[in-house]
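[1] Take this sequence and fold it.
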Amino acid sequence: MKNFYSSIAIGACLLAMISGCSQKTEDQRFMAIADEYFDGYYKANPISATWIGVHDYDGQLDDVGSLAMNKERVRLDRIRSKLLELDTTSLSMPVWVDYRILRENIDEALFSYNELREFEWNPRTYTEAIGNSIMLLITQDFAPQEKRLSNALERTKEVARFLEQAKANLRDAPKIQIETAILQNKGNISIFKEDLPKAAEGASEGLRKEISNECERAIAALDSFGKWMETELMGRSRKDFRLGEEMYNKKLSHTLKSSIDPNEILKRAEAEKAKTHVEMYALALPLYKEYYKKEPKGLDTLVVIKAVLDKIVLEHPKRDEVMTYINGIIPQLTSFIKSHDLITLDDSKPMVVRETPEFERGVSVASLESPGPLEKNLKTFFNVTPIPVEWTDQQVESYLREYNNYSLHNLSIHEGIPGHYVQLYYSNRNPSLIRSVLGSGSMVEGWAVYTERMMVENGYMNNDPRMKLINLKWYIRVVINAIIDHKIHAGTMTEQEAKDLMMKDGFQEEREAAGKWRRANLTAAQLSTYFVGYQEIMDLRKAYQEKMGDQFSLKEFHEKFVSYGSPSVKYIRETMLTKSQGD
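    Numbers count the residues shown, from 1 in each chain. As a prediction, this is how the structure comes out:
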């Protein structure tokens, strides 16, 4: 078992010798509590432990029965009580940050158990867990193949038990959650029909045969679960997909953990939308004259911007060329960052562009799967969801116009370099597991959005105004994400109202708007993390530049920012702007 603070305990003890007994006592007490928290966390969450890099529980699936969940609630309450007993005034600065992060995350977990209770109404909780439990074992080479396959076999044996517990938990669910889970469940069936048996081809005959037999049982259990969702769960579906204002505001506060007041987010986003329209028009006006050979007399600002975008988006790859195009972008990004000395890259960290696994589809167009903080040099996956085969030519064209040549550059910055991919391997270097395992979604997403703007600011693609305009189109999408997130879950925004806003004010194609409506229904509060995180980072950069004056270096700002792990930006700000910065 890996102890949480083992890698920095010696440093803490030396610090204590210098600073006095009080700090030694409280820092070390916190370290012991943190170790206790993580030991229990790994046991209660074997799938997450596998991702983190703790492999003691690789042969287990999470216990999601009511007794196990009650036991975890009690454990979290006990840890929280121990934290409250500490004299926080005696903690060193880095430990004081970790203390608050741990408390916030325990509070969020208890909110999820006691109030949100997603395990009772979100079947995706279970479909995504099963897929991850196996794919984590067969797609990464953290241990010999035979060992990983043996653990995959043990997890496969537990699929039926896990699904029975899921059925016992699920009381009601919104139709859109059920529909998405049904599709993901089919993806899980394909894992046991295809992926796991294929991974086992090189295994010993006995193991291969046992895996084959257990896969058949898992497939039968999944097939039964899928039919149960289609009939019983769908038949009693009454729950609204909207959280409602009170529950949404609570979830938003726990999700963001931000210095920005949640009540101010909508107002700030509305103001940013208007400001961005002005910036977009300034870029679009000369391009309009270039494309249409005339002045846009009497035309509304949004009409001019849309007319220019309608020309730019025609530059896009063919249906089967998107992955190839993205693979060609990655070296360009790497070269630009190195030549402009924006941040130090680590060429030893492999990134693989692949199709999104089927069990993860139905939520986003692209995503990044990074190795856990305790893993070393494992692959990072840049997932790109393939265009559905059932889409019409018109729907495919709408999708490709949205993900045109320039947008694919922006997407590759966000998910790859220097966005999520780079930030997460920097994060994993920080000795504090709290800052990576319990990282902030708004920090992680905010950094990715920030890098989009930063690359364009520094002249990416030779300062092409088309790239700048597409970048602003992506940014206004982030702004509108926060607006619809609030108005859907804390209000009554309809699908048509949301799509009108996305397509008119956000210049999005119909397929993107339709997909985002679906995603907003499925993931309350998550869509606000991009906007809030970006705003916090830009505010911090401005403040840090004022602090450093002539000594300010963009590269130094970037590397310092990502060196602290993935905590909420408010903690990075506190650390970077304080004279005594700690760790």
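
[2] Just the buried residues of stretch 58-72, please?
    Neighbour counts using 16 or more other Cβ atoms under 10 Å place 58, 59, 60, 61, 62, 63, 64, 65, 69, 72 of stretch 58-72 among the buried residues. Just so you know, the C-beta spots here come from the backbone N, C-alpha and C atoms, and that holds for glycine as well.

[3] Setting aside sequence neighbours, what's the nearest residue to the last one?
    Going back to what we said before, that points to residue 72. residue 44 (4.9 Å; Cβ to Cβ, 6 or more residues apart in numbering).

[4] The one you found contacts residue 68, correct?
    Yes. Because the distance of 7.2 Å satisfies Cβ atoms under 8 Å, residue 44 is recorded as touching residue 68.

[5] mind listing the strands for the stretch 351-500 of the chain?
    In the stretch 351-500 of the chain, the segments counted as strands under DSSP state E, counting those that start in this stretch are 351-355, 366-369, 380-384.

[6] ok, and for the first one, which residues are buried?
    When neighbours are counted by 16+ other Cβ under 10 Å, the buried residues of strand 351-355 are found to be 351, 353.

[7] heads up, I number from 500, so please use that
    Sure thing, new numbering starts at 500, so read that last one as strand 850-854.

[8] Quickly run through the sheet partners of that strand, with directions.
    Note on strand 850-854: by DSSP bridges, its sheet partners are strand 879-883 (parallel).

[9] so where is the stretch 550-699 of the chain shaky, pLDDT-wise?
    Along the stretch 550-699 of the chain, no part satisfies pLDDT under 70.

[10] I meant to write the stretch 800-949 of the chain there.
    Along the stretch 800-949 of the chain, the model assigns pLDDT under 70 to residues 861-862.

[11] Residue 765 and residue 983 touch, don't they?
    No. Using Cβ under 8 Å, residue 765 is not in contact with residue 983; the gap is 10.4 Å.

[12] Tell me which of those two has more neighbours.
    Shown here are residue 765 and residue 983; by other Cβ atoms under 10 Å, residue 983 has more neighbours (25 against 17).

[13] pLDDT wise, what is that one at?
    With respect to pLDDT, residue 983 has a value of 97.

[14] Could you find the closest non-adjacent residue to it?
    Using Cβ to Cβ, 6+ apart and skipping residues adjacent in sequence, the residue nearest residue 983 is residue 997, 4.9 Å away.

[15] same deal with residue 661?
    Nearest to residue 661 is residue 560, by Cβ to Cβ, 6+ apart, at 4.9 Å.

[16] Please list all residues in contact with residue 666.
    When contacts are counted by Cβ atoms under 8 Å, 6 or more residues apart in numbering, residue 666 touches 724, 727.

[17] how far is the strand or helix carrying it from where the chain is centred?
    Assigning secondary structure by DSSP states H and E places residue 666 in helix 658-668. For helix 658-668, the separation from the chain centroid amounts to 26 Å (computed by Cα atoms, centre = their mean, to the nearest Å).

[18] What is the subsequent helix or strand relative to that helix?
    Criterion used, DSSP H and E; the element after helix 658-668 is helix 674-689.

[19] Show me the contact partners of that next one.
    Around helix 674-689, the neighbours that count as contacts under Cβ under 8 Å, 6+ apart are 620-623, 625-627, 629-630, 672, 718, 721-722, 724-725, 728-729, 732-733, 736, 740, 856-862, 1017, 1020-1021.

[20] tell me the centre residue of the chain?
    Centroid-nearest residue in the chain: residue 940, 6.2 Å away (criterion: Cα atoms, centre = their mean).

[21] who's in contact with that one?
    754, 755, 1025, 1028, 1032.

[22] Return the subset of those lying in strands.
    Nothing among the contacts of residue 940 maps onto strands, per DSSP state E.

[23] Please convert those residues to a markdown table, extending it with distance to residue 1064 and neighbour count.
    Listed next are the contacts of residue 940 as a markdown table, based on distance: Cβ to Cβ, whole Å; neighbours: other Cβ atoms under 10 Å:
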| residue | distance to residue 1064 | neighbour count |
| --- | --- | --- |
| 754 | 18 | 20 |
| 755 | 17 | 25 |
| 1025 | 20 | 20 |
| 1028 | 17 | 26 |
| 1032 | 14 | 27 |
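
[24] Can I get the residues you listed in CSV including distance to residue 534?
    Converted to CSV, the contacts of residue 940 look like this (distance: Cβ to Cβ, whole Å):
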residue, distance to residue 534
754, 26
755, 28
1025, 30
1028, 29
1032, 29
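
[25] Tell me the predicted confidence for residue 760.
    Model confidence at residue 760, given as pLDDT, is 81.

[26] Now it: phi and psi?
    In terms of degrees, to the nearest 10, the main-chain angles of residue 760 are phi -60, psi 130.

[27] about what we covered before: please indicate which of the contacts of helix 674-689 are buried?
    Using 16+ other Cβ under 10 Å as the burial test, those include 620-623, 625-627, 629-630, 672, 718, 721, 724-725, 728, 732, 736, 740, 856-862, 1017, 1020-1021 as buried.

[28] Report the spatially closest residue to residue 709, excluding sequence-adjacent ones.
    Leaving aside its chain neighbours, residue 709 sits nearest to residue 652 (6.0 Å; criterion: Cβ to Cβ, 6+ apart).

[29] Give me the distance between residue 645 and residue 793.
    Applying Cβ to Cβ, to the nearest Å, the value for residue 645 to residue 793 is 70 Å.

[30] So for these two, which sits in the more crowded spot?
    residue 645 (13 against 8).

[31] Can you work out which other helices and strands pack against the longest helix along the chain?
    Secondary structure of the chain per DSSP state H: the longest helix is helix 761-791. Applying 3 or more Cβ pairs under 8 Å, 6 or more residues apart in numbering; DSSP states H and E, we find helix 761-791 packed against helix 744-755, helix 800-811, helix 964-988, helix 1027-1047.

[32] Those: which one's closest to residue 524?
    Of all the helices and strands packed on helix 761-791, it is helix 744-755 that lies closest to residue 524, at 30.7 Å by Cβ to Cβ.

[33] now the angle from the closest one to helix 761-791?
    Using axes from the mean of the first three to the mean of the last three Cα atoms, to 10 degrees, the direction of helix 744-755 lies 80 degrees away from that of helix 761-791.
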